[in-house]
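**Student:** just the structure for this:
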Amino acid sequence: MQTTLYYVHDPMCSWCWGFEPTRARLFSALAGRILIRRLLGGLAPDSAAPMPDSMRRSLQQTWSRIQQVIPGTEFNFDFWTDCAPRRSTYPSNRAVIAARLQGAAFDQPMTTRIQRAYFIEARNPSDNETLIALAEDIGLDAERFASDLVDDTTQQKLLAEIRTSRELGIDSFPSLAVVSGDNLAHIGLNYTDADAMLDQIEGLIG
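**Tutor:** Numbers count the residues shown, from 1 in each chain. Below is the predicted model:
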């Protein structure tokens with residue numbers, strides 16, 4: 001019976017960014033011991049509307065909160081003055097899928113590149129032009145990527161991953177779940193201690 005660890009995330013999720021160092025340590029400890037499947041959760045649908053001021057303030061407060069909860073997490077608050085924020089993360093989700101179409105190994109590098117662009121470089125991954133430039137940065141065929149990014153097949157793949165994450169009972173990000181046959185177990189997140197989650201997972205996989 002195959003056991004799978006699902007990681008549900010969104011490239012523009014600020015808590016996912018804070019979780020990234022601990023997630024990397026956890027996955028490294030589990031390498032070769034369990035199948036790991038990454039799923040895109042689709043935090044915010046496509047929108048051309050400017051982000052309301054109240055939401056802008058709320059997200060900046062979230063960034064500050066993350067820095068308190070997860071020491072060492074970096075954010076560049078210039079994003080809020082240098083860019084025109086929109087509550088729209090689906091483009092960045094599709095970008096990860098479009099990257100995968102050129103090789104599954106591009107999933108993590110594309111996610112990381114989007115995160116760094118957004119949280120460190122104050123660039124807007126809600127914009128396709130930004131995403132195409134980031135794809136080129138990691139060695140993708142930019143022309144093919146640009147085409148795949150707006151292809152309806154890519155959107156359908158995203159919607160399928162969102163459905164799968166909801167079927168797992170997941171609607172917040174980041175989230176971890178272990179599935180073995182008909183058994184589903186949600187893993188309690190620890191943003192700073194990979195061992196705490198590793199213990200939970202090891203208890204499920206034996």
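**Student:** can you show me the strands along this structure?
**Tutor:** In the chain, the segments counted as strands under DSSP state E are 3-9, 35-40, 175-180, 183-187.
**Student:** contacting residues for Asn124?
**Tutor:** Contacts for Asn124 were tallied using CB atoms under 8 Å, 6 or more residues apart in numbering; they are Phe79, Cys83, Ala84, Pro85, Arg86, Tyr118, Thr130. (Each C-beta comes from the backbone N, C-alpha and C, glycine too.)
**Student:** ok so, going back, and among the strands of the chain, the most buried is which?
**Tutor:** The highest mean neighbour count among the strands of the chain belongs to strand 3-9 (a mean of 21), with neighbours defined as mean count of other CB atoms under 10 Å.
**Student:** so, low pLDDT: which residues of this structure?
**Tutor:** Scanning the chain for pLDDT under 70 picks out the ranges 1.
**Student:** tell me who's in contact with Leu35.
**Tutor:** Leu35 neighbours (CB under 8 Å, 6+ apart): Gln2, Thr3, Thr4, Leu5.
**Student:** separation between the residue nearest to the first one when sequence neighbours are not counted and Gly139?
**Tutor:** On the basis of CB to CB, 6 or more residues apart in numbering, the spatially nearest residue to Gln2 that is not a chain neighbour turns out to be Leu35, at 6.2 Å. From Leu35 across to Gly139, the span is 26 Å (CB to CB, to the nearest Å).
**Student:** so what's Phe75 closest to, chain neighbours aside?
**Tutor:** Trp63 (4.5 Å).
**Student:** what is the burial count for that neighbour?
**Tutor:** Here the neighbour count serves as a burial measure; for Trp63 (other CB atoms under 10 Å) it reads 19.
**Student:** touching, it and Ser14? I think so.
**Tutor:** Yes. Applying CB atoms under 8 Å, one finds Trp63 in contact with Ser14, separated by 5.8 Å.
**Student:** could you tell me which residues touch both of the two?
**Tutor:** Counting by CB under 8 Å, 6+ apart, the residues touching both Trp63 and Ser14 are Phe75.
**Student:** Ala194: how many residues sit nearby?
**Tutor:** Residues lying near Ala194 (other CB under 10 Å) number 19.
**Student:** that one is in contact with Leu30, isn't it?
**Tutor:** No. Ala194 is not in contact with Leu30 according to CB under 8 Å; the separation is 9.5 Å.
**Student:** for this protein, what spans make up the helices?
**Tutor:** Using DSSP state H, the helices of the chain run over residues 14-30, 53-69, 79-82, 90-100, 107-119, 128-137, 142-149, 152-167, 194-205.
**Student:** which one of those helices lies closest to Leu184?
**Tutor:** With distances scored as CB to CB, the stretch of the helices of the chain nearest to Leu184 is helix 152-167 (9.4 Å).
**Student:** report the buried residues of the closest one.
**Tutor:** Thr154, Gln155, Lys157, Leu158, Glu161, Ile162, Thr164, Ser165 (16 or more other CB atoms under 10 Å).
**Student:** may I see those residues organised as CSV, with distance to Glu74 added?
**Tutor:** As requested, these are arranged in CSV below (distance: CB to CB, whole Å):
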residue, distance to Glu74
Thr154, 30
Gln155, 31
Lys157, 31
Leu158, 28
Glu161, 28
Ile162, 28
Thr164, 31
Ser165, 27
